[in-house]
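just a sequence and a predicted model for now, questions to come.
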Amino acid sequence: MQTVKTKIPVNFYILRTIKPLTMKKAMISFFTVILFHFILLHPLMAQFIYPHTDKQPVEDTLHNMILTDNYQWLENKTDANVIAWTKAQHEATVKYINSVHAPIDGLRDEFEDYIDRDYISPLTLIADRQFFTVRKKGDKQLKLYTKIGGKDILLFDPEKIDTSGTSAMSGNSYTEKGDKVAVGVQSKGAEIQTFYIIDTKTGKILGEPIEGLRGFAWTNDEKHAYVWVQTQEMIDNQQPYKIYRHKIGTSRTQDEFLLTPMNAKNVASVYDARYGNVTFMSEGDFYATHSLKMKKIGSKDEPKEIYSNQKFRVSPYVLDDKMYVFTNHEAPNFKLMVTSKDKPEFENWQDLYPEQETVLEDYSITPKYLIIQDKKDVVSRIQLYGLNGKFIKNIELPEVGNVSSVSYNRDVDAVFVGMTSFTTPYKLYKLNPNDLEKSDLKWELFYEQEVPMDMSNIESKIEFFTSKDGTKVPIFIIHKKGLKLDGTNPTLLYGYGGFNIGMSPSFIGSRAMFVNRGGVYAVACLRGGDEYGEKWHQDGMLFKKQNTFDDFIGAAEYLISENYTNTQKLAVQGGSNGGLLVGAVITQRPDLFKAAICAVPLLDMVRFQKFLIARYWIPEYGDPDKESEFQNILKYSPYHNIRMGINVPTTLVTAGENDTRVDPLHAKKFVAALQNNVGQKNPIMLYMDFDSGHGSGQSTKKSIDNLEFQMRFIMRELGM
């Protein structure tokens, strides 16, 4: 299927200047027009006609290297020409997909049944109160409820704030007794929040909304809150957020400034320990705690620094007279340390749960036990230890699955364990903390998510393949039972591979529509994630970032060599950092894939750090302003590795116009460069969501529209 470059819009006919024709010529002309329509719109013959893109070369000199960027003008999303170009590209994409790829019988209905249905979240238990979110069929967004006297009471409905349905709740912060809640709301996907303080007995909004925040946390006196201030202007100018102490119900001009990161690539935090009468203040980057300080709540003394490091990170938790620290200090698989609250300095910390061969994911402390959640070969489990760190037993799970969470709620004296699998929706079990040593431990099903889809004929498994450098890499493969390994199965390969975020068994949700129609869904556990601890992460970042791409390429080659699929039946998908991943592999190995979805991606890695909050990611990718790191980034930056004359797979690049994380300029420039690359035959399309950001905040209808459109694209491209 070829791409045609033209400034003339589709179906553009000028007939006024045609002279009178003979009947014979008229008939020939008539059938010519009919034939043209057939060629243009027939699924097997239609051509993607995309809008013209001007080349406006800009030369940048970086480390004695001159780089010419023809599409830097697309970085200015407020420019009228960029706005018009973006809308024209999106419209061309929608028109082409709708003309080439006919709707799939029942697909939209299944998405509507799955997404637009009555949904109730698990209960959040605060003291003696219960809170939960609800979305009933036809609702545009989730709503917050509480139970009082056995009745469900509506506390907050974002549709009353914004009837368009493009504003969504983004987080809740409850007081200790649950009498008040701060509800964060974001609009059109922009992750700048407005917080509403609500009386949870009456539903009344208290005082004026607190605008322009990145975060909110109650102080222990509950008369104040720590607020992370970050406006759109601060993001655009790459200024770090500022943390203040705000007195509830007073003017923001009276807020007390506390802390701001020294650099926009750093993060900072202030919070009161609920059970320990201390305040923690920290600063660092994504992966290292440069400074951790603490002081008594309400003290006017300067906080005391108890830990400082440029390489490792720590997360403290104070409970009564002890301080527990979750850390990777000299422990790539993480460990748990402990000290007295009165001797919080690092030199006093002792190993409570030393580093193991498995990866420590989380822990929870009850009055009698230490519960450990660890990960072995990318599947999580739980173990029971004494408070002295002595192993007691492995806790046998009630069913086959992956432990997604474990927690102890002191308010109700209960342990909660979340579980899921690729074929089983989320379940939450409740355990008696005094019975954890018993062989007949009772697992009370506290919550189960019901979904309107048949999973009975789907199975999942984990396999391993060898990457380019010999590393063994896990891959999850999900398909219908009885699959024939004949090399012809439509296959969708997904990956992320970055920021210490790993893949684990979790319900496939809307992708079940693909699998139930005969597709194979594969999830690669790439280096850059946390599947095997911090070393696995470090082996896929900075100067080793190419390992991530090699792993993904290796996953594709494995699926082909094992006769799951072939190059004409294999599609690839990833978003955000996963969008970078997709951009890298389709430019490095375009021969492997039939189609790709590259979502909210980072693609111009030479300039990524100049926009929005992207300086946070310098510790992951490196700093292009440093020569050695620039040279490494330039080797894989997808925008800079488009090869003249090389045809990449048919690709749908998606972005959110209001994205405050990854600027949509990456998607726009990449699409423009590929569309205008000599030798590019396959369609390269831009699909913009003009009312959302980095994927969050979409209305129910918008979610359905986007999912159906993208799944239809993949399935039709793979011949389904």
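Yep, it's here. Numbers count the residues shown, from 1 in each chain.

let me see the ranges of the helices in this protein.
Counting by DSSP state H, the chain has helices at residues 23-41, 80-100, 107-115, 158-161, 232-236, 512-516, 534-538, 546-561, 577-588, 618-621, 627-636, 665-675, 700-717.

so the residue nearest to Gln254 when sequence neighbours are not counted bridges to which residues?
Leaving out its chain neighbours, the residue that sits closest to Gln254 by Cβ to Cβ, 6 or more residues apart in numbering is Lys247, at 6.5 Å. All C-beta atoms are positioned from the backbone trio N, CA, C, and that covers glycine. Bridge pairing for Lys247 (DSSP bridges) gives the partners His224.

ok so, going back, got the helices of the chain as CSV, with mean neighbour count and distance to Thr327 columns?
Rendered in CSV, the data for these read as follows (neighbours: other Cβ atoms under 10 Å; distance: least, Cβ to Cβ, whole Å):
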stretch, mean neighbour count, distance to Thr327
helix 23-41, 11, 61
helix 80-100, 17, 45
helix 107-115, 17, 39
helix 158-161, 17, 38
helix 232-236, 14, 31
helix 512-516, 21, 39
helix 534-538, 19, 11
helix 546-561, 23, 25
helix 577-588, 27, 24
helix 618-621, 20, 17
helix 627-636, 16, 27
helix 665-675, 25, 34
helix 700-717, 20, 38
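
export those helices to CSV and tack on mean pLDDT and distance to Leu603?
What follows is the helices of the chain, written out as CSV (pLDDT from 0 to 100; distance: least, Cβ to Cβ, whole Å):
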stretch, mean pLDDT, distance to Leu603
helix 23-41, 37, 30
helix 80-100, 98, 15
helix 107-115, 97, 28
helix 158-161, 95, 32
helix 232-236, 92, 20
helix 512-516, 97, 25
helix 534-538, 98, 22
helix 546-561, 98, 13
helix 577-588, 98, 5
helix 618-621, 97, 12
helix 627-636, 98, 11
helix 665-675, 98, 4
helix 700-717, 97, 18
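
minimum distance to Leu213: which of those helices has it?
Evaluated over the helices of the chain, closeness to Leu213 peaks at helix 232-236, with 11.3 Å, by Cβ to Cβ.

for this protein, give me the ranges with low pLDDT.
Applying pLDDT under 70 to the chain flags the ranges 1-46.

quick one on the thing from earlier: for Met323, find the nearest of the helices of the chain.
Closest among those, using Cβ to Cβ: helix 534-538, at 22.2 Å.

distance from the chain centre to that closest one, please.
How far helix 534-538 lies from its chain's middle: 19 Å, per Cα atoms, centre = their mean, to the nearest Å.

of the helices of the chain, which is nearest Gly150?
Per Cβ to Cβ, nearest to Gly150 of those: helix 158-161, 24.8 Å.

what are the contacting residues of that closest one?
The contact list for helix 158-161 (Cβ atoms under 8 Å, 6 or more residues apart in numbering) reads 139-143, 165, 167-169, 185.

who's in contact with His479?
By Cβ under 8 Å, 6+ apart, His479 lies in contact with 458-459, 489, 515, 519-521.

from Gly502, how far off is Tyr324?
From Tyr324 across to Gly502, the span is 23 Å (Cβ to Cβ, to the nearest Å).

neighbour count winner among those two?
For Tyr324 versus Gly502, neighbours defined as other Cβ atoms under 10 Å are more numerous around Gly502 (22 against 19).

OK, contacts around the more buried one?
Gly502 is in contact with 375, 378, 525, 529-531, 536, counting by Cβ under 8 Å, 6+ apart.

roughly how far does it sit from Gln710?
Going from Gly502 to Gln710 by Cβ to Cβ gives 24 Å.

residues near Ser167, how many?
22.

okay, now Ser340: neighbour count?
Counted with other Cβ under 10 Å, residues neighbouring Ser340 total 11.

so what's it bridging to?
Residues in a beta bridge with Ser340, per DSSP bridges, are Lys322.

what do you get for Ser187?
Ser167, Ala190.

hmm, back to that, report the buried members of the contacts of helix 158-161.
Buried by 16 or more other Cβ atoms under 10 Å: 139-143, 165, 167-169, 185, out of those.

take the residues you listed and keep only those in strands.
143, 167-169, 185 (DSSP state E).
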